[in-house]
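K.L.:
What shape does this take:
(chains A and B)
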Amino acid sequence: MQRKKTFASFKHWRIAIFSMLMSLCMTAAFAQSGTVKGKVLDELGEPIIGANIVEKGTTNGTITDIDGNYSLTVNDLKKAVLQVSFIGYNSVEESVKGRSNINVKLGASVVNLGEVVAIGYGTQTRREITGSVANISEENFNKGVNRDASDLLQGKVAGLTITSGSGDVTRSSQIQLRGTSTLQNDQGPMIVIDGVPGGDMSTVSPSDIESISVLKDASSAAIYGSRAAGGVILITTKRGSGSKTQINYDGYVTASSVANKPDMLNAAEWREANKVLGKDISTYDKYNSDTDWFDEMTRVGVSQQHAISLSGGSSKSNYRASYTFLDRNGVARDNYMTRHSFRFQFQQRAINDRLRIGLTGAATLTDMQMPFADDYILAYNMLPVYPVYNEDGSYFTDANHNYDQGNPVQNQDQNYKKSANNYFYGQGDVQFSIIDGLTTKVNLYKSRFSADYSEWQDPQNSRGQGDTGKAIRRNRFWDRNLLEWTANYVKAFGASEEHKVDAIIGYSWENNLYADQKSEATNFAVGSMGADNIQSGNVLKIGNVTSSRNEYKLISLFARAHYSFKERYMITATVRRDGSSKFGANHKWGTFPSVSAAWGISQESFMQDTEWVNDLKLRAGYGITGNQDGLQPYKSLDLYSASGTYYNNGSWPTAFRPSQNANPDLKWEQTAMLNIGLDFTLFNNRLSGTIEWYDKRTKDMLYNYEVSTPTYVYNQIQANVGDMKNTGVEILLNLDVIRNKNFTWTTSLNLAHNKNEITKLSNELYSTGRVYVGDPWIRGASGVTSHVVEEGRPVGQFFMLKCNGLDENGKFIIEDVNGDGQITDDDRTYVGDAQPDLTYGWNNTFNWKNWDASFFFRGTIGNKVLNNPLAAYGNNTYIDGTNVMDNENLLILSENSRVCSYYVENASFLRLDNLSIGYTFNTKKIDWLDKARVYVAGQNLFVITGYKGLDPEVENFRGEASDSNAGLSPGIEPRNYMPKARSFTFGVNLTF
Amino acid sequence: MKRKTILSFITGLFLLGGLSSCMDLDETVYDKLPADDFGQSTAELNALIGNSHNTMKKFWTEYMHLSECSGSMAVTPTRRGGDWYDGGQYREIYMHTWTSQTSRVKSAWKAATESIGTCNEAIRKIQSSEILTEEEKTQDVADLRGVRAFWIYVMMDYWGNIPLLTEFHPTDKVFPENSSRQEVFDWLITEVEEIKDICPPATQENYGSFTQGAAYSLLAKLYLNAEAWGVTVSDNAYQKVIEYCDKVMAMGYILEPNWKDNFSVTNENSKEAILAATFSSSDTGNDGNVKNELHNNTLHYKDYLGLGITASGTWNGICAQPEYVRLFDEEDARLDGTFLTGLMIDKTTGKPIITDHNNELNHTIDVTMIPGMEYDGTNWSAVEQHDGARCFKWEFASDLTSSMENDFHIFRLADIYLMKAEALLRGGGSVSEATSLVNTIRERGYGDSSHNYATVTLKEVQLERRLELAWEVYSRQDDIRFGCFTTGMWPQSNCERKTDDYLKLMPVSQDAWQVNPNLKQNPGYPAFSK
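P.N.:
A predicted model of the protein is given here:
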């Protein structure tokens, strides 16, 4: 391959300019502007306060006052259409048709069918949607301390599993939609922020988010092509609207404490246990403390957030600016995150409103400190009789040389892992309305994310003593450039506009750059400067200073056409053609089509008399999406890279070797999904819901498959081989239990069942048997695996020795599965899997006069978790030198722990995840204050489970998603697990 | 008007699609070198040859356990509390109950086959180079062929019947069948005979390469073991051994007067080294950059306090089989130069080091199984943490942390001396010459001639090999050749080994068969099945 420097990016700007000029050449006709006034009322004729009135297709809008009155200047009194909406009511569209006074009546509903929902490259009303799209807007977000969109969404969408498995406040949640569908680098759904694909949730402060759409099926996600197989999450941020200037303040203070910590022996219990077991522990008689090491390492973490926003505009322009300060302190003493988020949006219309120019700028500046998870291993092992400090106030260090021991408090105080992250992005879009119904848009985007990392391991403590101090400095950055062009045509025709067409075509070009520089040094005679003076380390080896850089491009063409007849018959078809530089030479381009249709049964004439049915819609969709997250740049190519050094007559030059087994056939994984759903609203809008069934089949799964050496240089090659299947059912029900003037109670239940199966791992070129994965690690079981990846089995299949309890001597009764009279690896068998049969969420909201309240449960049924801390530390084998976890068989079990089904537990759970109570003050008499609300919220209040470990909800993987085999051994509670928090929040919302 | 607009629109779209740069997916490779660009200078080609030399580091890391623990030299016992049971893999190696799934067997197969593939690739690259002279090319290729021959020799020694694939196939998928041990042996003789005089000459500058000295040593090894391997040789094998040992001995190598210089941190200066795996303390263990982690494998995690070295957190694994240590005479300096034994005293406090089980850290020669801690219905039981003599042959640098700087000498001159002595005795040659060769080695070990033999038999040669070459990855091969492979030197363990003859060959790795169904399992082992 030839390396050449192109001016490709310059050429792309030319296209942008070309498109703009083309748009500007079109001329515009004159229009007559004017003011529309009126009232917005509910079913009972009561005025609705704060209803939104927006001129359709613009951001020109206003809000009703305390008497339900509004007044809005529109651009064209003849053509303008008003969209009137309010939370809890169906939205209504009214054509102005020259009128200057329009009263609107809104009907209450648990689901707003007129609500405009973001879909890929556009919006649709809920009534028109043919695919499977879940939309969550602000009023349904989780309350309390939230870092990003995933915290707001957790448990709310059937089929969307969001796992926050650790108490580390710097660690992102792991998200999965409709089961796992890949074996490598499962990044979950693609995030699209205000239309920009491939975003990062952490760049949008929760208080800036208006709504979140989840594109669940392939027919709705296929327009995002080769990156959409994991689903798509569309985040829409708030915008300024109308002529009213609004200032919002949203602040809270949260106190978090440890929800659950391991039950270790205290000093007396430890001494007693040793006595019972007949162990001589006289060496430790000189220590007489009673330390709970987990208590010593944790604290009550106080967090706060202050978000202020300013928005407003005129009929021609609107703006919104916001600033959020989040200071989050974890329950671990050395864990915090401070984040400043800035966001500015501005839109201006010109040329008789035909031209719209928008600018967005955002900056997210984060400082954080991550804990050393392995310090929790020390806390498990350290004896309770050891003190934290010696009598003279110095750290207790006697145990710092013991295996897996050392003073973790000293480690927390002296060591650190810090990162300063900056995320900047700017976005500009130019939209031009060429003729009625036809608009074209150019979207330009640039972002830079950089992370400046420092790590220090002090020579005085157990972590740093081996290297006599170790410092790491690392700088990384990720750049993205995106150019996108679309043309959209919307037209209704026919006598009463019963035919409606909505079509879009587009082109997008993006490139992604990544660069990394890392330095480390060891052996610090003077340690006081930490990682800030890395040159004071005396040992700097070859390989301690490294750098890397890579790039990839993605070019796409896409189109969608939607046709509906009287909202009765609707059909949508999309196609996307994606080319990626990451794909191998033989498969540079992939095509991803989809089609979906919906039948609005309730719109049929024969249904008009069926009064108990308000709305009924049957949907079916089929589409093909891809996933390329598993592909790193350059993986298909024949390359040479540096690999250590070689000896050459007294010197050590750098050795080079082939980087990988090149595979020019590398390509995306392909997922085909069939989705059938039924949406219903019944009984005077009191009950609504959705039932969906899907069948999702992934083929050409990327994995590092084993190959024969030689011919290959290495024994693994990344290739597209395997198949996987997910089938499932999802149910969503919303019910207005009580609805009257003073009191409402709405309840919402979502249920999801998914069955996952790996159906194929071999083809004519590659043959893969059982892949052993999962490294729970307990002493004496290095390399003993816990899971398998195998045809006919789900991801997360536990495979190990089967234990049928303990015998009278306290030994494991291991089942001799193959009956050969001895226990060997061949007796390992299938002992359950980590994927739940059912996940559920149950939300309740109450409103009584000025009070509001909500509580939210979520949980799983039928999943298994390996209680590895119990295996590692619930055994008395080392009790004369280390502490142990208390458990019923501590004194009975008389052999070393092993990786066996004894430690695999049912981890079904029910968690009261969120409880909040709020009060809204009556501000009618205060003219400078629109709204004032205070609330208290509790998070992670309790868990009901049979699981005996710390928490039944564990991360799918430790480390990074890109680590090899990450996500293939879910359901292990790691022994270096950081406890989760229980939080209480007090918050204030003010609108001026 | 409308129509025109739409038309111009469609035109615009086609224009867009037509502009080549808009659809250009070329990527710039920044941090690696595309294959077509690589190899344009001798420095680059040398870097590739250097990488092939580095494969030999895996012989040390992947074969030490397998050789010494299946032989009579060492054992990785299970420690009280379960450390190093690890699913029973070390028990299987000591008790000769390994299977095609035993992880050490699989990883050893993988190391050898990947190394052969690496050499094949490098040979192709050098051969297609346009910048080297024919002479340079010949020598470079011979060097690489030598490394490859070494690995094929290792595989033939361990597995006998192996796939023999000596070309690089970048695109075709080739699934070779096993060649018989005889076929592999014959191929090796031909191959090494061909390169033995065109390899880089045996000079200090070529340390780390596969030199002419290494080629002759390898030939001598092949002929010496031929009988034990059951292969037929056209020439008089032992005569060949003698001839080739003589060749090596005439190449300017010397027995280092100070025996320990062979194992020092700077042992690249040893003039006794013939073929070396060169390690650096900068080795990271990543990207194929293999580390020498002997210290981690053998030292108790508190030994560093007694040795005054920085490396903490070592793993307390492999130790010597007790009766092997007892072969050493107290007066033989090689005893203390080979094993770490006795009570460990903390250098800072002057007090004995205490283990987590509240015992003094005393490395006894005896390794005693604790009754009641047997595993999986066998006699294999746990032993105390501190039991067993540790490897103390290679100097531990005081600033040692994660990787050792010391090189490992795959072939060294002392071995050649003893090989020649053995060949003389086996082939009916001069006993007095054999005696003198053994005495030369013995004298250096003891420091004087007081323990010299008047005359030697094979028994003395075998003993001398054990004293001289402990931990140096010879035990399995030597024990098979001397006919004592079925008895370990740990009788106190009551762990009787399986004695079947087929165990002299290791089972072909299950992983290898999984990706190459043309492979056949060795006789005696269950045929492959899913």
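K.L.:
and the next element down the chain from the helix or strand where residue B:461 lies?
P.N.:
Here residue B:461, judged by DSSP states H and E, is contained in helix B:458-468. Using DSSP H and E, the helix or strand that follows helix B:458-468 in sequence is helix B:475-481.
K.L.:
which other helices and strands contact that next one?
P.N.:
helix B:57-70, helix B:212-229, helix B:458-468 (3 or more C-beta pairs under 8 Å, 6 or more residues apart in numbering or on different chains; DSSP states H and E). Yep, even glycine has a C-beta here, placed from its N, CA and C like the rest.
K.L.:
Recalculate using a threshold of 6 Å.
P.N.:
When contacts are defined as 3 or more C-beta pairs under 6 Å, 6 or more residues apart in numbering or on different chains; DSSP states H and E, helix B:475-481 sits against helix B:57-70.
K.L.:
can you tell me the average pLDDT over the helix or strand just after the helix it packs on?
P.N.:
Counting by DSSP H and E, the next helix or strand C-terminal to helix B:57-70 is strand B:74-75. Taken as a whole, strand B:74-75 has an average pLDDT of 96.
K.L.:
Okay, residue A:775 and residue A:965: tell me how far apart.
P.N.:
9 Å (C-beta to C-beta, to the nearest Å).
K.L.:
same check, this time on residue A:987
P.N.:
For residue A:987, the distance to residue A:965 - C-beta to C-beta - is 41 Å.
K.L.:
which one is the residue of the stretch 201-350 of chain B found nearest chain A nearest to, not counting chain neighbours?
P.N.:
Per C-beta to the nearest C-beta, residue B:289 is where the stretch 201-350 of chain B lies closest to chain A, at 3.1 Å. Nearest non-adjacent residue to residue B:289, counting by C-beta to C-beta, 6 or more residues apart in numbering or on different chains: residue A:644, 3.1 Å away.
K.L.:
so that neighbour is in which element?
P.N.:
Going by DSSP H and E, residue A:644 is in strand A:639-645.
K.L.:
Residue B:296 now?
P.N.:
helix B:294-298.
K.L.:
How far off centre is the helix or strand following that helix?
P.N.:
Using DSSP H and E, the helix or strand that follows helix B:294-298 towards the C-terminus is helix B:303-307. Between the centre of helix B:303-307 and the centre of its chain there are 27 Å (C-alpha atoms, centre = their mean, to the nearest Å).
K.L.:
Give me the residues contacting helix B:303-307.
P.N.:
B:311-312, B:344-346, B:353, B:396 (C-beta atoms under 6 Å, 6 or more residues apart in numbering or on different chains).
K.L.:
Mind checking which of those are buried?
P.N.:
Among the contacts of helix B:303-307, those classed as buried by 16 or more other C-beta atoms under 10 Å in any protein chain shown are B:311-312, B:344, B:346, B:353, B:396.
K.L.:
Serialize the residues you listed to TSV and add fields for pLDDT, distance to residue A:578 and secondary structure.
P.N.:
Supplementary listing: the buried ones among the contacts of helix B:303-307 in TSV, determined by pLDDT from 0 to 100; distance: C-beta to C-beta, whole Å; DSSP: H, G, I helix; E, B strand; the rest coil:
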residue	pLDDT	distance to residue A:578	secondary structure
B:311	81	51	coil
B:312	80	51	coil
B:344	95	63	coil
B:346	92	64	coil
B:353	92	62	coil
B:396	94	56	coil
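K.L.:
and those near chain A, which?
P.N.:
Among those, the residues that sit close to chain A (C-beta under 6 Å from any C-beta of the partner chain) are residue B:312.
K.L.:
Report the contact partners of residue 231.
P.N.:
You didn't pick a chain, so chain A it is. Contacts for residue A:231 (C-beta under 6 Å, 6+ apart) come out as A:177, A:189.
K.L.:
was after chain B, sorry
P.N.:
B:181-182, B:185.
K.L.:
Check which helix or strand the closest residue to it other than its chain neighbours maps to.
P.N.:
Nearest non-adjacent residue to residue B:231, counting by C-beta to C-beta, 6+ apart: residue B:185, 4.4 Å away. Using DSSP H and E, residue B:185 sits in helix B:181-195.
K.L.:
so residue A:339 is in which element?
P.N.:
Going by DSSP H and E, residue A:339 is in strand A:336-350.
K.L.:
Leaving out chain neighbours, which residue sits closest to residue B:506?
P.N.:
Residue B:506 sits nearest to residue B:158 (C-beta to C-beta, 6+ apart), 4.8 Å away.
K.L.:
in which helix or strand would I find that neighbour?
P.N.:
Assigned by DSSP H and E, residue B:158 falls in helix B:134-159.
K.L.:
Over to residue B:443?
P.N.:
helix B:431-446.
K.L.:
can you list contacts of that helix?
P.N.:
Residues contacting helix B:431-446 (C-beta under 6 Å, 6+ apart): B:259, B:332, B:334, B:414, B:417, B:420-421, B:424-425, B:449, B:451-453, B:455-456, B:464, B:468.
K.L.:
Tell me, how many residues neighbour residue B:200?
P.N.:
21 (other C-beta atoms under 10 Å in any protein chain shown).
K.L.:
List the contacts of it.
P.N.:
Residue B:200 neighbours (C-beta under 6 Å, 6+ apart): B:139, B:143, B:206, B:209, B:211.
K.L.:
One more pass at 10 Å, please.
P.N.:
B:139-140, B:142-143, B:146, B:206-215 (C-beta atoms under 10 Å, 6 or more residues apart in numbering or on different chains).
K.L.:
Return the member of the residues you listed nearest to residue B:476.
P.N.:
Ranked by distance to residue B:476 (C-beta to C-beta), the contacts of residue B:200 are led by residue B:214 at 20.6 Å.
K.L.:
now the closest one, nearest residue through space, not along the chain?
P.N.:
residue B:275 (4.0 Å).
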